[in-house]
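A.B. asks: just to be clear, the model below is a prediction. Sequence and coordinates:
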Amino acid sequence: MITSTVEESWDRIESWLARHAPITHGLLRPAAVLADITAAEARLGVAFPPDLRESLLRHDGVELQDGTLRLDYYGPLSGVEEIVRSTEFLRGVGEGLAEEEADLDEGERDEYA
């Protein structure tokens, strides 16, 4: 198995985008500020995986505009702000669901899911 570093992976991604998706290549944001990453981790109460931190320090996602390459299954490349916004949204959606589900029997839980 070949394992690439984040830096090597970004080199390949940037090269591919430059050849095949130049609009998206031009919309890659500059590096995130380490203080912003640290603040996002504190706000969310998590430590980002080292590879995510390293990736954000290379590019803070991509600007969303017409012509931006979208990875449909995963969505666009998210920056620090989008990570915080989507995490807080999803946490809000799921808030209280575990308590509601605990009151259900096994059949009801399957149906609820």
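C.D. replies: All right, it came through fine. Numbering: from 1, shown residues only.
A.B. asks: so which residue is dead centre in the chain?
C.D. replies: S78 (4.7 Å; Cα atoms, centre = their mean).
A.B. asks: tell me where this structure has strands.
C.D. replies: Read by DSSP state E, the chain holds no strands at all.
A.B. asks: any regions of it where pLDDT drops low?
C.D. replies: Residue ranges of the chain with pLDDT under 70: 1-2, 66-75, 112-113.
A.B. asks: which non-adjacent residue is nearest E14?
C.D. replies: Distance criterion Cβ to Cβ, 6 or more residues apart in numbering; nearest residue to E14, sequence neighbours excluded, is H25 at 6.6 Å. In this view, the C-beta of every residue, glycine as well, is placed from N, C-alpha and C.
A.B. asks: what do you get for R43?
C.D. replies: Taking Cβ to Cβ, 6+ apart as the measure, R43 lies nearest to V84, with 6.1 Å between them; neighbours along the chain are not counted.
A.B. asks: give the contact list for that neighbour.
C.D. replies: Residues in contact with V84, defined by Cβ atoms under 8 Å, 6 or more residues apart in numbering, are A40, R43, L44.
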